[in-house]
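**Student:** below: sequence and its predicted model.
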Amino acid sequence: MSTKLLQDNETNSVALVWPDMKNVKKYKNDLKDFYSDFINLLLQFNIRVFLVINDKDDMRKLTNKLSSNLIANLKMIKFSCDDIWIRDYSPLIALDTITSEYICINYNINGYGGKYNYKKNEDFNKKFNSILFKNKFKSLNIRDIFLEGGNIIFDDKIILFNKQTLRSHNKNSIVLDNFKSILTNMNYKIENIDIKNISGDDTNGHIDNLVRIYKNNILYMSTDDKNHPDYEILKELSAQLKVKSKIFPEYNLIPINHTYDDTITDKGTFLPFSYLNYLHCGKSIFIPKIGNVSENVLNTMNEIFKENQIKFIDISSLLKEYGGLHCCTFNFKYNEN
């Protein structure tokens, strides 16, 4: 198959879903402030923003907050979704290298194994091509598997996913067995980790909290702090990746250290913070933080991403909904033509 998945550095636009649904009522005002600031920041970085929003009053308030020179790169789309985690119900975007046509690879969703409502998100997924791309993209439907965008990471050579999540959301073992063969047809090397979720992660272990790929580097969440609530899980993650590294010897394994100071709780419950749940769009990388960033993490991230504009963003309010920057965004390439 002459198809390759669209890489983060090839993207120029970001889609988000405004938090106007009833299920975020508890922290809605804090979250709306976060979204307003984040959208403003994306626009300042010359990233086109597509905002899925259903509240007309919020549309007006947001527009009034933005300077006129930024608004031109903001497109509002009236639609109602079940939650803000657009990454998980948006398609994979691929390029046919022979025809130069873009392809929406669509998959099924089921509310993280039936945990949450998902019918509006499912409707958005099915209409994604027409809503954002006016049906200019071809569609490839893989409807025999339940998947979320947060559980698949890739570059131009390898694809990684967490088998724990896929197994939890797909009860049919045949579907699970066929997953690798579906992606292998795109000429990628396919591998998986098999790890429990970090504390507070209600997705059953999405890989975008645990592992990311940048150039020939595989970054992974780690800790040497025995007080960190995920010390044992992350120790197992490190062990699994060291075994996998023999399959991908050209990649460097880089631990991103998290200490107990990199944890946050809400009413006694740990929230799923990870520096790896970052957004990479074009030449810009937005990295989550809570409070101060350790010198170790700061130096590591600055060295790895030195060819990019880097911005650390406090996501304390977003974490109260149990997700991060990669979860709440969907980056893609938008072409006016």
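**Tutor:** Structure's in. What do you need? All values reported here derive from a predicted model rather than from experimental measurement. Numbering: from 1, shown residues only.
**Student:** contacts and neighbour counts: CA atoms only from here.
**Tutor:** Will do.
**Student:** dihedrals phi and psi, residue 241?
**Tutor:** The phi/psi pair for residue 241 (degrees, to the nearest 10) reads phi -70, psi -30.
**Student:** give me the pLDDT value at it.
**Tutor:** In this model, residue 241 is scored at 97, pLDDT.
**Student:** one more: residue 129?
**Tutor:** Looking at residue 129, the pLDDT reads 83.
**Student:** quick check: which ranges of the stretch 51-200 of the chain have low pLDDT?
**Tutor:** 172-185 (pLDDT under 70).
**Student:** please enumerate the helices of it.
**Tutor:** Along the stretch 51-200 of the chain, the stretches classed as helices by DSSP state H, counting those that start in this stretch are 56-65, 68-71, 111-114, 119-133, 163-169, 173-184.
**Student:** output the ones you listed as TSV; include the columns distance to residue 38.
**Tutor:** As requested, those are exported to TSV (distance: least, Cα to Cα, whole Å):
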stretch	distance to residue 38
helix 56-65	12
helix 68-71	13
helix 111-114	26
helix 119-133	20
helix 163-169	29
helix 173-184	33
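**Student:** run through who's touching stretch 327-337.
**Tutor:** For stretch 327-337, the surrounding residues in contact (Cα atoms under 8 Å, 6 or more residues apart in numbering) are 6, 8, 10-17, 84-88, 90, 93, 150, 277, 279-281.
**Student:** now, of the residues you listed, which are buried?
**Tutor:** 6, 8, 11-17, 84-88, 90, 93, 150, 277, 279-281 (16 or more other Cα atoms under 10 Å).
**Student:** before we move on, back to that, looking at the helices of the stretch 51-200 of the chain, which is nearest to residue 198?
**Tutor:** helix 163-169 (12.0 Å; Cα to Cα).
**Student:** buried ones in stretch 302-311?
**Tutor:** 305, 310.
**Student:** now the helix or strand containing residue 40, how far from the chain's geometric center?
**Tutor:** In this structure, residue 40 sits in helix 28-44 according to DSSP states H and E. Relative to the chain's own centre, helix 28-44 is displaced by 17 Å; criterion: Cα atoms, centre = their mean, to the nearest Å.
**Student:** now it: mean pLDDT?
**Tutor:** Mean pLDDT, helix 28-44: 94.
**Student:** so that helix versus helix 56-65, what angle?
**Tutor:** 50 degrees (axes from the mean of the first three to the mean of the last three Cα atoms, to 10 degrees).
**Student:** just the CA coordinates for helix 28-44, please, in CSV.
**Tutor:** Extracted in CSV, the C-alpha atoms of helix 28-44 (Å, rounded to 0.1, in the frame of the first residue of the first chain):
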residue,chain,number,x,y,z
LYS,A,28,-16.4,24.6,33.3
ASN,A,29,-15.4,28.2,34.0
ASP,A,30,-11.7,27.3,34.7
LEU,A,31,-11.7,25.1,31.6
LYS,A,32,-13.1,27.8,29.4
ASP,A,33,-10.4,30.2,30.6
PHE,A,34,-7.8,27.6,29.8
TYR,A,35,-9.2,27.1,26.3
SER,A,36,-9.4,30.8,25.6
ASP,A,37,-5.8,31.3,26.6
PHE,A,38,-4.6,28.1,24.7
ILE,A,39,-6.5,29.1,21.5
ASN,A,40,-5.0,32.6,21.7
LEU,A,41,-1.5,31.0,22.1
LEU,A,42,-1.9,28.7,19.1
LEU,A,43,-3.0,31.6,17.0
GLN,A,44,0.0,33.6,18.1
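**Student:** I'd like to know which elements the lengthiest strand in the chain is packed against.
**Tutor:** Identified as the longest strand of the chain according to DSSP state E is strand 138-146. Counting contacts by 3 or more Cα pairs under 8 Å, 6 or more residues apart in numbering; DSSP states H and E, strand 138-146 packs against strand 102-108, helix 173-184.
**Student:** tell me the buried residues in the first one?
**Tutor:** Spelled out, that is strand 102-108. 102-108.
**Student:** show residues contacting it.
**Tutor:** By Cα under 8 Å, 6+ apart, the list of residues contacting strand 102-108 from outside reads 90-96, 122, 125-126, 129, 137-147.
**Student:** give the pairing partners of it; include direction for each.
**Tutor:** Its sheet considered, strand 102-108 pairs with strand 92-96 (antiparallel), strand 138-146 (parallel) by DSSP bridges.
**Student:** can I get those strands in CSV with distance to residue 303?
**Tutor:** Converted to CSV, those look like this (distance: least, Cα to Cα, whole Å):
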stretch, distance to residue 303
strand 92-96, 29
strand 138-146, 37
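**Student:** which of these is buried the deepest?
**Tutor:** strand 92-96 (a mean of 20; mean count of other Cα atoms under 10 Å).
**Student:** neighbouring contacts of that one?
**Tutor:** Against strand 92-96 from outside (Cα under 8 Å, 6+ apart): 2-6, 101-106, 149, 332.
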